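K.L.:
could you look at this predicted model? Sequence included:
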Amino acid sequence: MAGSLLRRVLDLVELLANHPRGLPLQAIAETLDIPKSGAHRLLAELAEHAYAVQDAETGRYLLTTRFATLGLKHLSRTGVVDIAQAVLNRLADLSGELARLAVVDYPRLVWVAKAQGARTGLRYDGDMGAEARLSTTSTGIAWLASLSDEEALELVMRQGLATGESGPNAPRTVAELMALVNQARARGYAWVQETNTAGAAAMAANVLHPQTGRAVGNLSVAGPSLRLTEAQRDAIAPDLLAAAAELSSVGAFSEYLGALGGRARASRPAMS
């Protein structure tokens, strides 16, 4: 019973996290398939401890910043962002585009830090804490390329292939997806154009655990496709790979990320 209650609370938190403007009680109960009275009790408990609040005007329930504060506090104390930020800043300056760090929190891949290198003109940006879509982002493709085909497809099927919100070049079939994955394996980093977002291109290289060789995260560079062309990609690639190798060599960094991804099955040899 306790486990069931905890599961309901976690489902509720995840639901509200995906709706920053909040949701009415009825919608919450229907989405979670629980009685309205039960949903109200859970929300009241969260509100009592300042993790949720009800908007006085709309009646909608939404999360407070307390969960975000806990997450940021946790990341800051692991040292992951502190270690990576200098590398991200340098990569952003060298590329002139958005540089991001994603970490494997198996079976999820989550962006946790970034640096913006674009100073003028079009700028591509992204939300931190968001889960990467594996089949359409360079970040996702890079990670899939480090896994066996079986495990890669299992993870993609968990999320689903491209949605209507994906870019025009998003892979719509397993064959199209695996073509991108195999290109990443051959190249040593992933490269996509307008697969996740129309008008955007991106590239990503894995950060590897120094002992196991398993990908524990990756670094990516993303920007407008008009500026981040194939020629620019080729110019940036050495810096991206060097930055990923630098983070791979940092023991404390890899130790924490390796523990996050510790539930992963044995993976195929990493991209070289």
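P.N.:
Received the coordinates, thanks. Numbers count the residues shown, from 1 in each chain.
K.L.:
show me this protein divided up by domain.
P.N.:
2-64, 73-260 (automatic domain parsing).
K.L.:
which residues touch V221?
P.N.:
By Cβ atoms under 8 Å, 6 or more residues apart in numbering, V221 lies in contact with L91, S95, E97, L98, A99, A202, M203, A204, L228, I236, L240. Every C-beta, even on glycine, is put in place using the N, C-alpha and C of the backbone.
K.L.:
now do 6 Å
P.N.:
Counting by Cβ atoms under 6 Å, 6 or more residues apart in numbering, V221 makes contact with S95, E97, A99, M203, I236, L240.
K.L.:
rebuild these as JSON lines, extending it with secondary structure and distance to A175.
P.N.:
As requested, those are exported to JSON lines (DSSP: H, G, I helix; E, B strand; the rest coil; distance: Cβ to Cβ, whole Å):
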{"residue": "S95", "secondary structure": "helix", "distance to A175": "31"}
{"residue": "E97", "secondary structure": "coil", "distance to A175": "30"}
{"residue": "A99", "secondary structure": "strand", "distance to A175": "31"}
{"residue": "M203", "secondary structure": "strand", "distance to A175": "22"}
{"residue": "I236", "secondary structure": "helix", "distance to A175": "28"}
{"residue": "L240", "secondary structure": "helix", "distance to A175": "27"}
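K.L.:
TSV for the residues you listed, including distance to V181?
P.N.:
Listed next are the contacts of V221 as TSV, based on distance: Cβ to Cβ, whole Å:
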residue	distance to V181
S95	23
E97	23
A99	22
M203	14
I236	21
L240	18
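K.L.:
return the closest of those residues with respect to L62.
P.N.:
Distance to L62 across the contacts of V221 (Cβ to Cβ) is lowest for A99, with 30.9 Å.
K.L.:
give me the beta-bridge partners of the closest one?
P.N.:
A115, V221 (DSSP bridges).
K.L.:
tell me how many other residues crowd it.
P.N.:
29 (other Cβ atoms under 10 Å).
K.L.:
so it sits against D93, correct?
P.N.:
No: using Cβ atoms under 6 Å, A99 is not in contact with D93, being 8.8 Å away.
K.L.:
name the nearest residue to the one residue sitting closest to the centre of the chain, ignoring sequence neighbours.
P.N.:
With distances taken as Cα atoms, centre = their mean, V110 lies nearest the centre of the chain, 2.6 Å away. The spatially closest residue to V110, leaving aside those adjacent along the chain, is E131, at 5.5 Å (Cβ to Cβ, 6 or more residues apart in numbering).
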